[in-house]
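# Okay, predicted coordinates and the sequence, questions at the end:
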Amino acid sequence: MDMWIPYSIKSTSQQAPVQCAVDKSEIVGTHRSYSGSEKRGTARYPSRLQARFFYGDKVFKGVLRDVSETGMFISTDMTIQLNKSINVMILIDDKILQIPVKIKRTVNSDMNVDSGIGVELINIPQAYLDYTRNVSIHSNTPAFS
């Protein structure tokens with residue numbers, strides 16, 4: 001059975017809407033633990049949700065490595081200019097959330113091991129806040145605090 005969901009999303013730029021499909025089987029994720037610490041306003045918790053994000057007229061894949069109430073780190077091999085605004089799509093409780101974010105950090109690795117983008121959420125959906133609170137309750141240790 002085909003699990004692709006057609007989805008139309010308007011790019012944060014002034015371009016035409018982007019048409020894409022999201023495979024639910026790829027978006028559902030599990031959690032894993034990380035160690036380490038960074039100075040942050042809110043604690044970050046490990047996540048393994050699949051994500052899609054839009055830059056220009058293209059759709060890219062990534063995996064949420066960690067989440068907080070105000071941001072997330074997306075493991076991806078794509079590099080996007082700092083302070084650019086993009087849309088990220090994730091699936092939580094069978095709902096596709098479109099979250100506008102701003103690029104705050106980029107990490108490049110030769111091995112693509114920890115390559116990705118750190119983003120700040122611009123408009124935070126309640127379903128995302130509920131997810132981060134649920135992750136924090138079920139996680140023994142924050143990824144970063």
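Perfect, I can see it now. What you see is a predicted model; the values in this text were computed from it and never measured. Residues are numbered from 1 along each chain as shown.
# From now on I want contacts and neighbour counts done on CA atoms only, so please keep to that.
Fine.
# So what touches stretch 119-139?
The set of residues external to stretch 119-139 that reach it, using CA atoms under 8 Å, 6 or more residues apart in numbering, is 33, 45-47, 67-74, 92, 97, 99-105, 142.
# ok, residue 94 - how many residues close by?
Neighbourhood size, residue 94 [other CA atoms under 10 Å]: 10.
# And it, how far from residue 41?
Using CA to CA, to the nearest Å, residue 94 is found at 29 Å from residue 41.
# biggest strand in this structure, by residue count?
Secondary structure of the chain per DSSP state E: the longest strand is strand 95-107.
# contacting residues around that one?
Strand 95-107 has contacts (CA under 8 Å, 6+ apart) with 12, 79-91, 114-125, 127-128.
# Let me know the next secondary structure element after that strand.
Counting by DSSP states H and E, the element after strand 95-107 in chain order, helix or strand, is strand 116-121.
# can you pull the buried residues of the following helix or strand past that next one?
Later in the chain than strand 116-121, the nearest helix or strand by DSSP H and E is helix 126-138. By neighbour count on 16 or more other CA atoms under 10 Å, the buried set for helix 126-138 is 128, 131, 132, 135, 136.
# got it, and stretch 77-93?
Residues of stretch 77-93 classed as buried: 77, 78, 80, 85, 86, 87, 88, 89, 90, 91, 92 (neighbour count, 16+ other CA under 10 Å).
# What score does the fourth one have for pLDDT?
Spelled out, that is residue 85. As predicted, residue 85 sits at a pLDDT of 95.
# which ones are touching it?
12, 100, 101, 102, 103.
# Could you give the bridge partners of the residue lying closest to the second one once chain neighbours are set aside?
In space, and not counting its chain neighbours, residue 100 is closest to residue 87: 4.4 Å by CA to CA, 6 or more residues apart in numbering. Each beta-bridge partner of residue 87 is listed here, defined by DSSP bridges: residue 54, residue 100.
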